[in-house]
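A.B. asks: how does the following fold in three dimensions:
(one chain, ligands or ions: 1)
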Amino acid sequence: MFGDNLDRIVAAIERNYEADEIFFTKPGRQFPNRAIIKQMLKDIRRVLFPGYFGEEMLSPYTTPTYFIGDMLMNIERVLRQQVVLALKYTDEQGRCTADIEIQAADICTRFFDQLPDIQRTLLTDVQALFDGDPAAESKEEVIFAYPGLYAIYVYRIAHVLHQLQVPLLPRTMTELAHSGTGIDIGAGADIGEYFFIDHGTGVVIGETTKIGKNVKLYQGVTLGALSTRGGQRLSGVKRHPTIEDNVTIYSNASVLGGETVIGEGSVIAGSAFVTASVPPHSRVSVKSQEVSLRQPGERD
Ligand SMILES: CC(=O)OC[C@H](N)C(=O)O
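C.D. replies: Got it, this is the predicted structure:
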């Protein structure tokens, strides 16, 4: 099939390997496993919303106490292994495995301590989706089927791991959700409770975005950076906007820039392009310059 070409192709690929050190996985190190991370997200979701994504609560012989305990012990073991792999892979100080394992165990302790709070926050997101979408038949339907809730769930798990400075895993998680839903939420974004994303396809929320409570986004909204020409020099710099409490942003609007603040209670029209701050209770029309104050009692 290859004829005489095989040797030539092999040699060319080998030369490409030699041109960049990223091709040579570091000796004794191994990447975390994407399939295992995906399964772990499923298992955590089964604990937070039992019965929705597995058979667990249907058996009369299973009490929640044993189910939760058993699941958490298994998830902890898997998470700890993946955190060890991620820490080892990215380690630049040549730390010994024992030290890395201690750090991973500590990260897991802190992560699981926060799990009940993540669950409570997710319930506020479920409520926001149900309250905000007249097409939702029930909160159960939101949990079972809504892509917005799934993306928010994965984000809330990934965000805690990001705060605990776990490398590789948070991004892997949010990209798994992105590929399944079309909703891209950076794990570093800081998002308050009662968060609502309806439909969701094409929503992008950059990693330094700050979002208050009770914020609503529709499909195609970008909360992005103004310019990324600075490349890695902008790493860690606030590049994405701040959205205060009770803001609604309609479909395909772009709000860009690290210093851009959308004041509390504002409404941004669909397809608006906003690169400057607007005061609380603004109504922003398609051209970002056209900003007027919302009248008291005026509807979104
Ligand atoms: C959402 C967005 O504008 O991202 C651009 C780039 N990935 C950054 O983080 O700056």
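
A.B. asks: can you give me the helices for the stretch 1-150 of the chain?
C.D. replies: Assigned by DSSP state H, counting those that start in this stretch, the helices in the stretch 1-150 of the chain fall at 5-19, 34-48, 64-90, 97-132, 139-145, 147-163.

A.B. asks: what's the angle between the last one and helix 34-48?
C.D. replies: With axes from the mean of the first three to the mean of the last three CA atoms, to 10 degrees as the basis, helix 147-163 and helix 34-48 are set at 110 degrees to each other.

A.B. asks: and helix 147-163, what does it pack onto?
C.D. replies: helix 34-48, helix 97-132, helix 169-181, strand 184-185, strand 190-191, strand 196-197 (3 or more CB pairs under 8 Å, 6 or more residues apart in numbering; DSSP states H and E). All C-beta atoms are positioned from the backbone trio N, CA, C, and that covers glycine.

A.B. asks: got the angle for the third one vs helix 97-132?
C.D. replies: Relative orientation of helix 169-181 versus helix 97-132 (the same axes, to 10 degrees): 40 degrees.

A.B. asks: please see if helix 169-181 touches the ligand.
C.D. replies: No. Helix 169-181 lies out of reach of the ligand by CB under 6 Å from any ligand atom, never closer than 11.2 Å.

A.B. asks: and that helix, what does it pack against?
C.D. replies: Helix 169-181 packs on helix 34-48, helix 64-90, helix 147-163, strand 184-185, going by 3+ CB pairs under 8 Å, 6+ apart.

A.B. asks: could you provide these in JSON lines, with additional columns for mean neighbour count and distance to the ligand?
C.D. replies: Output for the helices and strands packed on helix 169-181, formatted as JSON lines (neighbours: other CB atoms under 10 Å; distance: least, CB to the nearest ligand atom, whole Å):
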{"stretch": "helix 34-48", "mean neighbour count": "17", "distance to the ligand": "21"}
{"stretch": "helix 64-90", "mean neighbour count": "17", "distance to the ligand": "19"}
{"stretch": "helix 147-163", "mean neighbour count": "23", "distance to the ligand": "14"}
{"stretch": "strand 184-185", "mean neighbour count": "24", "distance to the ligand": "8"}
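
A.B. asks: thinking again about what came up before, can you tell me which of the helices of the stretch 1-150 of the chain is nearest to residue 270?
C.D. replies: Set against residue 270 and scored by CB to CB, the helices of the stretch 1-150 of the chain come closest in helix 97-132, at 15.9 Å.

A.B. asks: tabulate the helices and strands packed on helix 147-163 (TSV), appending mean pLDDT.
C.D. replies: Shown next, in TSV, are the helices and strands packed on helix 147-163 (pLDDT from 0 to 100):
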stretch	mean pLDDT
helix 34-48	97
helix 97-132	98
helix 169-181	98
strand 184-185	98
strand 190-191	98
strand 196-197	98
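
A.B. asks: and residue 46, how far from residue 143?
C.D. replies: Separation of residue 46 from residue 143 (CB to CB, to the nearest Å): 12 Å.

A.B. asks: and if you look at residue 171?
C.D. replies: 25 Å.

A.B. asks: neighbour-wise, which of the two wins?
C.D. replies: Counting neighbours by other CB atoms under 10 Å for residue 171 and for residue 143 shows that residue 143 has the greater number, 23 against 18.

A.B. asks: list the residues that contact that one.
C.D. replies: 49, 52, 126, 149 (CB atoms under 8 Å, 6 or more residues apart in numbering).

A.B. asks: now swap in residue 263 and tell me
C.D. replies: By CB under 8 Å, 6+ apart, the neighbours of residue 263 are 244, 247, 277, 278, 279, 280, 281, 282.

A.B. asks: what about the last one, how many neighbours?
C.D. replies: This points to residue 282. 21.
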